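Asker: model the structure of this input:
(one chain, ligands or ions: 2)
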Amino acid sequence: MLEFQYYMPTKVLLGENVVINNSELFSKLGAKAFIITGKSSSKKNGSLEDVIKALNKYNISYCIFDEVEENPSLETVEKASAMGRIEGVDFIIGIGGGSPIDSSKAIGVLVKNKDCNVEDLFSKTKLSSLPIVALPTTAGTGTEVTHYAIFTDHKLKTKRNFGQQVFPEIALLDAKYLNSTSDNVTINTAIDALSHLIEGYLSAKANILGDTFSEKGLQLFSECLDALRDRNFSSEVREKLLLASTLGGVVIAQAGTSLPHGMGYPLTYFNGIPHGRANGLILKAYLELCSKMDKLVKILSILKFKDINEFGNYIEGLIGKETSVSEEQIIDYSKAMISNKDKLKNHSFDVTEEDIFNMYKKSLLNNK
Ligand code: NAP
Ligand code: ZN
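Answerer: Ligands and ions are numbered 1, 2, ... in the order given. Have a look, this model is predicted:
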């Protein structure tokens with residue numbers, strides 16, 4: 001008998017000029033907005049300008065925090081939250097890649113709960129947030145439809161998800177904002193979306209609804225394989241990648257991520273490898289580990305790869321090899337992964353520290 005739960009409360013709107021065409025949505029969220037962005041991209045790709053136009057149309061005042069760095073730190077969240085509390089904002093608009101949108105979720109919680117600090121984001125549960133509007137300008141994380149927010153914790157020397165359940169209230173998707181992403185950001189973020197679709201599909205928590213979205217997302221991704229290889233991104237391809245990314249978010253919001261994400265976090269923290277590329281480096285070894293799962297055949301068939309080797313060669317063609325990671329490091333990273341219960345519980349069968357070490361070794365050492 002089937003048994004599952006499915007919860008995805010975000011209102012999703014996709015289309016050209018979606019912000020301007022739906023600006024009345026902002027007027028229902030309050031009188032003052034807090035716009036959270038990265039350092040510069042939102043000023044160049046038109047997303048910030050469109051949001052300000054939409055707010056002005058309804059005389060909604062706003063303030064801007066534009067200092068979110070890649071893989072955002074808790075210190076940045078603290079700084080922005082202090083500003084939001086002083087300004088008395090009613091709702092948050094996160095514009096950018098996963099870093100500013102994830103930050104928006106934590107800032108929304110801290111501005112709403114004035115007695116809480118960043119540690120409470122991890123130790124307390126079910127803290128509510130101000131309403132969040134998410135405007136993704138990369139096609140990768142799917143954070144616009146998840147309740148996750150990942151931060152760099154410099155005290156613990158790792159990246160970790162906060163303990164709250166903050167889904168954005170509204171996600172506004174317009175692929176035109178993605179035109180300015182560099183080839184590298186486009187490829188790395190696309191591989192993040194692919195990892196979500198694959199890890200969610202193979203997860204112990206996968207269910208029939210999520211699987212339907214995974215298969216559609218993989219199909220869309222397969223239609224972009226040539227464009228990614230040739231680094232030739234039309235508007236149509238960008239929109240497909242954006243949709244695949246949002247579908248990946250819908251999938252992991254239910255099924256979670258597992259080994260590639262857990263193994264990728266130290267590669268980002270200690271070796272500075274971008275999040276999507278870090279997952280991508282592990283993906284072939286992950287598929288090999290899962291090669292006995294029936295769903296693996298389905299993944300390869302939707303993506304139109306004849307076997308795992310062809311898949312691996314394709315990914316390597318996109319992101320290259322990585323040679324900066326030492327054997328000593330992967331011994332440490334394997335130990336950390338085998339105690340990461342949150343990620344392991346999403347994986348469909350038991351793995352040992354040796355399995356993890358071998359995956360790292362195949363992915364990062366054998367090619368030196
Ligand atoms: P990001 O860290 O948000 O941004 C990467 C770079 O891309 C930044 O330099 C940013 O510039 C630039 N950029 C963003 N949009 C652009 C555009 N339209 N044109 C040109 N440049 C643009 O990258 P991301 O991969 O989207 O997000 C990664 C973060 O999300 C990681 O911390 C990861 O752990 C997290 N994540 C979260 C979830 C979730 O469900 N919550 C899932 C997966 C990953 P600016 O700084 O100038 O904006
Ligand atoms: Zn990810």
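Asker: wait, a helix at N366?
Answerer: No: counting by DSSP: H, G, I helix; E, B strand; the rest coil, N366 is not part of a helix but coil.
Asker: check whether the helix or strand where K284 lies contacts ligand 1.
Answerer: Using DSSP states H and E, K284 falls within helix 275-289. Yes: Helix 275-289 comes into contact with ligand 1 (CB under 6 Å from any ligand atom), by way of H275, G276. Yep, even glycine has a C-beta here, placed from its N, CA and C like the rest.
Asker: state the mean pLDDT of that helix.
Answerer: In this model, helix 275-289 has a mean pLDDT of 98.
Asker: can you name the element that comes right after that helix?
Answerer: Past helix 275-289, the next helix or strand by DSSP H and E is helix 294-303.
Asker: for that following helix, list every residue counted as buried.
Answerer: Judged by neighbour count (16 or more other CB atoms under 10 Å), helix 294-303 contains these buried residues: K295, L296, I299, L300, I302, L303.
Asker: could you pick out the residues of the protein near ligand 1 for me?
Answerer: 38-42, 45, 70-71, 96-99, 102, 137-138, 140-143, 146, 148-150, 159, 177-178, 180-181, 185, 189, 192, 249, 275-276.
Asker: ok, of the residues you listed, which come out buried?
Answerer: 38, 41-42, 45, 70-71, 96-99, 102, 137-138, 140-143, 146, 148-150, 159, 177-178, 181, 185, 189, 192, 249, 275-276.
Asker: OK, contacts around D211?
Answerer: Listed by CB atoms under 8 Å, 6 or more residues apart in numbering, the contact set of D211 reads Y201.
Asker: what separates it from ligand 1, distance-wise?
Answerer: Using CB to the nearest ligand atom, to the nearest Å, D211 is found at 19 Å from ligand 1.
Asker: inside helices: which ones of the buried ones among the residues of the chain next to ligand 1?
Answerer: S41, S42, G98, S99, D102, V185, T189, D192, G249, H275, G276 (DSSP state H).
Asker: now, which of these sits nearest T10?
Answerer: Nearest to T10, judged by CB to CB, of those is G249 at 8.9 Å.
Asker: quick check: that closest one touching T141?
Answerer: Yes: in this structure, G249 is within contact of T141 by CB atoms under 8 Å, at 6.9 Å.
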